[in-house]
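Q: build me a model from this:
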Amino acid sequence: MSPAAVQPLDSPAPPNDDVAVRAADLSRFLADHDRVAVLTGAGCSTESGIPDYRGPDGSWRHHKPMSFRELTGSRRARRRYWARSTLGWRRIADAEPNPAHRVLARLERAGIVPVLISQNVDGLHQKAGHRNVVDLHGRLDRVECLDCHTGYRREPFQDELTRLNPDWGDAADTGRRTVRPDGDVDLPDADYDAFRLPTCPRCGGDLKPGVVFFGEAVPRRRTEAAYAAVAAADALLVVGSSLMVWSGYRFAREAVRAAKPLALLNLGRTRADGEATLKVEGRCGEVLAAVAAQLGV
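A: Next up, the predicted model:
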């Protein structure tokens with residue numbers, strides 16, 4: 001890493017500043033490696049108001065998300081998903097990047113983080129200015145046809161959902177709207193049978209969000225791009241992920257297999273705690289903001 005990109009840590013953090021102490025460990029990790037691949041998870045976006053899937057102990061905070069088999073096997077399940085997502089989408093669309101996203105984008109511009117692999121579907125890394133992002137699980141601002149696989153932007157589709165279901169917001173307003181990480185809303189006892197769904201403008205097929213559902217395979221080109229990012233890096237940093245799902249954990253395993261240092265920044269335990277070179281406990285934005293100040297990025 002060039003001296004212009006990173007300033008040395010000349011003095012230790014104040015002993016009473018716990019965040020600065022923890023950030024100093026991560027700053028040294030970044031300063032010791034020229035090319036650090038980054039893998040992010042839901043914990044990276046919680047400070048933007050988007051909830052995460054799991055608690056600090058790795059257990060589910062919500063009901064397990066809808067599976068790909070359920071979505072594709074039942075029109076009623078698709079109605080239920082899109083009815084909930086119609087109400088939850090605006091929270092995702094209006095979310096703004098937090099310090100974690102902005103610092104990672106600065107680290108990219110400084111040449112420290114050449115590639116970022118995101119398990120998130122909110123697009124906040126791109127909103128923060130990050131350019132080289134592998135969206136492992138896709139993006140919620142995209143919609144795709146299950147039949148012809150044509151992709152569309154979400155906003156026109158959202159407008160059509162609203163046009164076809166003008167009273168849905170009022171009818172579904174139970175006062176208990178809990179937005180979940182995948183952008184839908186928990187609506188106990190709602191009646192979804194009358195909810196109308198737009199179809200694919202090209203072939204008339206059924207539409208799904210442009211994200212990878214549980215039980216659905218990640219597209220090969222994204223997996224290959226992520227593996228290539230780990231292979232080209234000197235180290236891997238995981239930010240805000242418990243790594244409980246194999247889809248992300250495999251890249252931590254690959255770094256360990258290749259004898260590359262592995263650092264974890266997370267609030268709570270992760271599946272790779274016993275394999276990491278460094279584990280930093282804390283809120284991602286808070287710690288990374290301190291890291292940016294210490295590195296002069």
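Q: ok, whatever helix or strand Leu39 lives in: who's next to it in the sheet?
A: Leu39 belongs to strand 36-40 when assigned by DSSP states H and E. Partners of strand 36-40 in the sheet, by DSSP bridges, are strand 116-118 (parallel), strand 235-239 (parallel).
Q: now do the strands in the stretch 51-200 of the chain.
A: Counting by DSSP state E, counting those that start in this stretch, the stretch 51-200 of the chain has these strands, from start to end: 116-118, 133-135, 138-145, 151-153, 178-179, 185-186.
Q: any idea which of those strands scores lowest on pLDDT?
A: In terms of average pLDDT, strand 178-179 trails the rest of these, at a mean of 64.
Q: can you put the strands paired with strand 36-40 in TSV and add distance to Asn165 and mean neighbour count?
A: C-beta here means a position set from N, CA and C on the backbone, and glycine is covered the same way. Shown next, in TSV, are the strands paired with strand 36-40 (distance: least, Cβ to Cβ, whole Å; neighbours: other Cβ atoms under 10 Å):
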stretch	distance to Asn165	mean neighbour count
strand 116-118	31	27
strand 235-239	37	27
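Q: between those, which one is closest to Arg220.
A: strand 116-118 (14.8 Å; Cβ to Cβ).
Q: return the distance of that closest one from the chain's centre.
A: Centroid displacement of strand 116-118 relative to its chain, using Cα atoms, centre = their mean, to the nearest Å, is 8 Å.
Q: who touches it?
A: For strand 116-118, contacts defined as Cβ atoms under 8 Å, 6 or more residues apart in numbering pick out 37-40, 44, 104, 108, 125, 130, 132-137, 226, 229, 251.
Q: circling back to that earlier point, just name the most buried of the strands of the stretch 51-200 of the chain.
A: Most buried of those, by mean neighbour count (mean count of other Cβ atoms under 10 Å): strand 116-118, with a mean of 27.
Q: now do the contacts for the residue most central in space within the chain.
A: Nearest to the geometric centre of the chain sits Asn120, at 1.7 Å (Cα atoms, centre = their mean). Applying Cβ under 8 Å, 6+ apart, we find Asn120 in contact with 40-42, 44-45, 137.
Q: export those residues to TSV and tack on neighbour count and pLDDT?
A: Conversion of these to TSV gives the following (neighbours: other Cβ atoms under 10 Å; pLDDT from 0 to 100):
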residue	neighbour count	pLDDT
Thr40	28	98
Gly41	26	96
Ala42	21	93
Cys44	33	96
Ser45	29	96
His137	21	97
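Q: ok, of these, which one's closest to Arg202?
A: His137 (24.1 Å).
Q: in the stretch 1-150 of the chain, where is pLDDT below threshold?
A: Within the stretch 1-150 of the chain, the segments meeting pLDDT under 70 span 1-17, 53-64.
Q: now the helices for it?
A: Using DSSP state H, counting those that start in this stretch, the helices of the stretch 1-150 of the chain run over residues 18-31, 68-73, 75-94, 99-109, 124-127.
Q: of all those helices, which one comes closest to Thr270?
A: With Cβ to Cβ, the closest approach to Thr270 among these belongs to helix 18-31: 14.7 Å.
Q: list the buried residues in the closest one.
A: 20, 22-27, 29-31 (16 or more other Cβ atoms under 10 Å).
Q: in terms of secondary structure, what does that helix contact?
A: strand 235-239, strand 262-266, strand 278-281, helix 284-295 (3 or more Cβ pairs under 8 Å, 6 or more residues apart in numbering; DSSP states H and E).
Q: dump that helix to PDB, keeping only the CA atoms.
A: The C-alpha atoms that make up helix 18-31 are tabulated as PDB, following Å, rounded to 0.1, in the frame of the first residue of the first chain:
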ATOM      1  CA  ASP A  18     -12.900   1.400  22.900                       C
ATOM      2  CA  VAL A  19     -14.100   2.000  19.300                       C
ATOM      3  CA  ALA A  20     -10.700   3.600  18.400                       C
ATOM      4  CA  VAL A  21      -8.800   0.700  20.000                       C
ATOM      5  CA  ARG A  22     -10.900  -1.900  18.000                       C
ATOM      6  CA  ALA A  23     -10.500   0.200  14.800                       C
ATOM      7  CA  ALA A  24      -6.800   0.400  15.300                       C
ATOM      8  CA  ASP A  25      -6.600  -3.400  15.000                       C
ATOM      9  CA  LEU A  26      -8.500  -3.300  11.700                       C
ATOM     10  CA  SER A  27      -6.500  -0.300  10.400                       C
ATOM     11  CA  ARG A  28      -3.300  -2.300  10.900                       C
ATOM     12  CA  PHE A  29      -4.800  -5.300   9.100                       C
ATOM     13  CA  LEU A  30      -5.700  -3.000   6.100                       C
ATOM     14  CA  ALA A  31      -2.300  -1.300   6.200                       C
END
